[in-house]
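Participant: Coordinates for the following, if possible.
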Amino acid sequence: MSEYVFSPPPPVSLAVLGTEARFPVRRIYCVGRNYAAHRAEMGGDDREPPFFFAKPSDAVVASGAQIAFPRATENLHHEIELVIALRQGGVDIARDQALDHVFGFAVGVDLTRRDLQAAAKDKGQPWESAKGFDQSAPLSPIKPWAGAPPSGAISLSVNGSVRQDAKLTDMIWSVAEIISEASRLWRLEAGDLIFTGTPEGVGRLQPGDQVTGAVEGVGGVTFSLAPTAAA
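Facilitator: Below you'll find the predicted structure:
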């Protein structure tokens, strides 16, 4: 029997509402600029299709945690999102079959080091350091789901003040379209999470901030930032 040269890290997982079982996280895909108003505030054209980027699975932080304010940034932004959790995968998934692959939904926040993202854009470099850093994906427990995807309100507040407030129906690409398009780029598998994009109102976070996000019918996510930045 083979042995590891050192002990592997524990698997990343999320709680599932209504059960003691946990959802094992394989990969995290994210859709950029999937709300027209957010695309406009970021200087984009609403005729452009959304694009994908990724976060490492160990960026996941369970709701309720205090997380370290990330190093190497002076402009940390919040982005509230509906998150798809897949129960099965595939390639070239047809849009009319895409919802059959959904296990459930969660509420997530895509934390972004906006200053690093801007610098990377200016140089035509990848965004990895801006999006895929430690503790950059706070997530609620997953709510098992069947039928039509959620379509209600999505919102985020910082220290009790509402920053983002929109409807999931404002998304440019639907849940089914996102799954289908992602499956043309990667072989999707059970355990994959897909962040579906954020509405307008993204903004800066500071050490000590208390953040609360919610998606109607799905649940909520909360976290706080440590009162001082990471050394």
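
Participant: just the helices in this protein please.
Facilitator: Secondary structure of the chain (DSSP state H): helices at 36-41, 114-123, 128-131, 175-182.

Participant: Quick check: which of these is buried the most?
Facilitator: Mean neighbour count (mean count of other CB atoms under 10 Å) peaks for helix 175-182 among the helices of the chain, with a mean of 22. Backbone N, C-alpha and C define where each C-beta goes, glycine included.

Participant: Just give the number of residues close to the closest residue to Arg184 other than its chain neighbours.
Facilitator: In space, and not counting its chain neighbours, Arg184 is closest to Asp92: 6.0 Å by CB to CB, 6 or more residues apart in numbering. Per other CB atoms under 10 Å, the neighbour tally for Asp92 reads 8.

Participant: for Arg33, same thing?
Facilitator: Other residues near Arg33 come to 21 when the count uses other CB under 10 Å.

Participant: Could you measure from it over to Val12?
Facilitator: Between Arg33 and Val12 the computed distance is 26 Å (CB to CB, to the nearest Å).

Participant: again with Ala166
Facilitator: Between Ala166 and Val12 the computed distance is 29 Å (CB to CB).

Participant: what's the longest strand in this protein?
Facilitator: Counting residues, the longest strand found in the chain (DSSP state E) is strand 219-229.

Participant: Quick check: which helices or strands does that one pack against?
Facilitator: Of the remaining helices and strands, those touching strand 219-229 by 3 or more CB pairs under 8 Å, 6 or more residues apart in numbering; DSSP states H and E are strand 66-69, strand 102-109, strand 137-139, strand 210-215.

Participant: Can you name the residues bridging to Arg22?
Facilitator: Going by DSSP bridges, Arg22 is paired in beta bridges with Ala15.

Participant: For it, give me its contacts.
Facilitator: Ser13, Leu14, Ala15, Val16 (CB atoms under 8 Å, 6 or more residues apart in numbering).

Participant: Averaging pLDDT per element, find the lowest-scoring helix or strand in the protein.
Facilitator: helix 36-41 (a mean of 62; mean pLDDT, DSSP states H and E).

Participant: Can you give me the separation between Pro149 and Gly220?
Facilitator: Where Gly220 is concerned, Pro149 sits at a distance of 18 Å (CB to CB).
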